[in-house]
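In: got a predicted structure plus its sequence, pasted below:
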Amino acid sequence: MSRQRLIVVAVIAGVAVAAGMWLLWPKPATPLVAEATAGPYLVRITGTPPKVGINPLVVEITGSAGESPTPESVTFEPAMPQMGHATTPVVARPDGTEHYRGDVNLSMPGQWEITVRISNGKDHYDAVLNVTTTG
């Protein structure tokens, strides 16, 4: 094999290795953003996408028209309707102004619906937020 041909093969191999590394390099997770309205409330999740297992979930609840009515209770109810799965509802606890926190168990990868149930006196409102889990 001639020297010139050996150089060409080495360059092609180097480019192939570099391209493979670029394709396999971990990509940053796309931030999770989901929101929905429920009666007088705007419900929003932001943060990193959940993974299979127990995930801390923080939801921001504000007034949908600018006001900030404080809910008496907030519950998270995860479900995966396409697979017929649902997990035990989690009572969220206040975590600062307009934020509620709870740990939810998402048992498998895929599309989940998290119903955020807001109770204020005799009024109850549901906001359904779609999230996708990864393995």
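Out: Looks like it came in fine. Numbers count the residues shown, from 1 in each chain.

In: which SSE is immediately downstream of the helix or strand harbouring residue 112?
Out: Assigned by DSSP states H and E, residue 112 belongs to strand 110-120. Downstream of strand 110-120, the first helix or strand assigned by DSSP H and E is strand 123-133.

In: okay, now residue 37: neighbour count?
Out: By other CB atoms under 10 Å, 12 other residues sit near residue 37. C-beta: built from backbone N, CA, C; applies to glycine.

In: what does it show for phi and psi?
Out: phi -100, psi 150 (degrees, to the nearest 10).

In: for it, what are its contacts?
Out: 43, 64, 127 (CB atoms under 8 Å, 6 or more residues apart in numbering).

In: what sits closest to the residue nearest the centre of the chain if chain neighbours are left out?
Out: Taking CA atoms, centre = their mean, the centroid of the chain lies closest to residue 49, which sits 3.5 Å from it. Leaving aside its chain neighbours, residue 49 sits nearest to residue 32 (4.6 Å; criterion: CB to CB, 6 or more residues apart in numbering).
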